[in-house]
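Colleague: how does the following fold in three dimensions:
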Amino acid sequence: MSAAFDTIAPEVAAPWADDPVLTVEHVSMRFGGLVAVNDLSFSVGRGDITALIGPNGAGKTTVFNCITGFYKPTQGMLLLKHASGDSFLLERMPDFRISAKAKVARTFQNIRLFSGMTLLENLLVAQHNALMIASGMSILGVLGVPTYKRAEKEAIERARYWLDRTGLTARADDPAGELPYGAQRRLEIARAMCTGPELLCLDEPAAGLNPRESADLNALLLGIRETEKTSILLIEHDMSVVMEISDHVVVLEYGTKISDGTPLEVRSDPRVIAAYLGVDDSEVEKVEEQLDEIAEEAAG
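Modeller: Residues are numbered from 1 along each chain as shown. Prediction:
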């Protein structure tokens with residue numbers, strides 16, 4: 001085995017396992033005879049940016065669907081733990097409770113904004129649950145009681161804060177559907193952040209972005225991690241995004257984890273390179289030898 005392959009530390013010693021916000025243990029998802037996710041285990045460190053990558057059809061979105069409650073895994077455990085110590089078994093919760101109670105927010109690969117609503121309205125809709133509770137399920141809002149007015153003011157302030165963070169304040173009153181594609185991506189992230197998530201799940205946030213927009217996305221996500229202390233789990237095909245901002249990378253192939261480590265460890269793993277090149281398992285050793293030769297030539 002190559003040195004790069006050998007240096008991948010055991011998962012038990014990985015820093016993201018010390019204080020995980022999300023622990024995925026032996027999760028499998030079957031659709032009839034199709035195994036979409038096979039005995040998957042990994043951790044998302046608190047305050048980390050964790051990337052879930054792999055070739056098309058690797059099972060990445062299925063994992064997201066299990067975490068966010070769209071699917072119930074065939075087996076396994078999904079444990080989410082808040083900084084306060086509260087714990088939630090996500091596989092036992094309906095999807096709306098995962099969002100409202102466990103505080104898991106998500107964006108989708110295909111943008112799902114309310115295109116006819118303004119940017120500000122989109123961010124207020126994200127806070128619907130809190131506003132409904134404050135309104136006593138509408139009657140207190142109709143009466144204009146102080147507690148509802150205060151909650152409404154806080155919701156608007158939070159929405160304006162995220163419009164500012166994403167550089168969209170100037171277009172707050174424009175329909176969301178009129179935004180350029182990259183700005184719609186940022187608005188989706190702003191809407192998710194308005195829910196105050198413990199874990200933010202992003203499904204290909206850089207898809208369709210140009211290099212400048214990708215750089216802006218990187219800065220936004222790093223800023224969210226630093227200032228909001230929000231843990232981020234993302235699916236991404238843009239390796240420049242993954243390698244630049246991720247603390248931890250998990251690689252899937254045909255629903256099975258083939259690598260788990262830092263970006264440097266993962267990109268040096270022959271199994272990962274073979275998977276992305278479409279190389280058969282029997283050819284992994286050859287790829288590894290070629291990597292060693294390249295490394296020796298570079299060193300010489």
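Colleague: show me the helices in the stretch 151-300 of the chain, by range?
Modeller: All helices of the stretch 151-300 of the chain, identified by DSSP state H, counting those that start in this stretch, fall at 181-193, 211-223, 239-245, 263-267, 270-277, 284-299.
Colleague: most tightly surrounded among those helices?
Modeller: helix 181-193 (a mean of 21; mean count of other C-beta atoms under 10 Å). From N, CA and C alone the C-beta is placed, and that goes for glycine too.
Colleague: one step back: tell me which of the helices of the stretch 151-300 of the chain sits nearest to Glu25.
Modeller: helix 263-267 (20.8 Å; C-beta to C-beta).
Colleague: including mean pLDDT and distance to Ala100, could the helices of the stretch 151-300 of the chain go into a markdown table?
Modeller: Output for the helices of the stretch 151-300 of the chain, formatted as a markdown table (pLDDT from 0 to 100; distance: least, C-beta to C-beta, whole Å):
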| stretch | mean pLDDT | distance to Ala100 |
| --- | --- | --- |
| helix 181-193 | 96 | 13 |
| helix 211-223 | 95 | 24 |
| helix 239-245 | 91 | 28 |
| helix 263-267 | 91 | 33 |
| helix 270-277 | 84 | 37 |
| helix 284-299 | 63 | 44 |
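Colleague: how about the ones you listed, which one is nearest Arg30?
Modeller: The nearest among those, by C-beta to C-beta, is helix 270-277 at 21.6 Å.
Colleague: list the helices and strands that closest one packs on?
Modeller: If you count contacts as 3 or more C-beta pairs under 8 Å, 6 or more residues apart in numbering; DSSP states H and E, helix 270-277 packs onto strand 248-253, strand 256-261, helix 284-299.
Colleague: residue ranges of the strands in the stretch 51-200 of the chain, please?
Modeller: 75-81, 87-89, 104-106, 199-203 (DSSP state E, counting those that start in this stretch).
Colleague: by contact count, what packs against the third one?
Modeller: Going back to what we said before, that points to strand 104-106. Using 3+ C-beta pairs under 8 Å, 6+ apart, strand 104-106 sits against helix 95-100, helix 181-193, strand 199-203.
Colleague: mind running it again at 7 Å?
Modeller: strand 199-203 (3 or more C-beta pairs under 7 Å, 6 or more residues apart in numbering; DSSP states H and E).
Colleague: now the strand it packs on: mean pLDDT?
Modeller: Computed over strand 199-203, the mean pLDDT rounds to 97.
Colleague: and Asn110, how far is that from Gly59?
Modeller: As judged by C-beta to C-beta, to the nearest Å, Asn110 and Gly59 stand 18 Å apart.
Colleague: mind checking which of these two has more residues around it?
Modeller: Between Asn110 and Gly59, counting by other C-beta atoms under 10 Å, Gly59 is the more crowded of the two (23 against 8).
Colleague: tell me which element Leu22 is part of?
Modeller: Taking DSSP states H and E as the criterion, Leu22 maps to strand 20-31.
Colleague: pull the residues that contact the next helix or strand after that strand.
Modeller: Later in the chain than strand 20-31, the nearest helix or strand by DSSP H and E is strand 34-45. Contacting residues not belonging to strand 34-45 are listed as 15-17, 19-30, 50, 59, 62-63, 199, 231, 233, 247-248, 250, 255-257, 260 [C-beta atoms under 7 Å, 6 or more residues apart in numbering].
Colleague: name only those of those residues that count as buried.
Modeller: Listed as buried from the contacts of strand 34-45 are 16-17, 20-24, 27-29, 50, 59, 62-63, 199, 231, 233, 247-248, 250, 255, 257, 260; burial here means 16 or more other C-beta atoms under 10 Å.
Colleague: distance of the nearest residue to Thr62 once chain neighbours are set aside from Tyr254?
Modeller: Leaving aside its chain neighbours, Thr62 sits nearest to Ala36 (4.5 Å; criterion: C-beta to C-beta, 6 or more residues apart in numbering). Taking C-beta to C-beta as the criterion, Ala36 is separated from Tyr254 by 9 Å.
Colleague: pick out whichever of the two has more residues nearby.
Modeller: Ala36 (21 against 15).
Colleague: reformat the helices of the stretch 151-300 of the chain as CSV; add distance to Phe114.
Modeller: Shown next, in CSV, are those (distance: least, C-beta to C-beta, whole Å):
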stretch, distance to Phe114
helix 181-193, 9
helix 211-223, 21
helix 239-245, 26
helix 263-267, 35
helix 270-277, 36
helix 284-299, 47
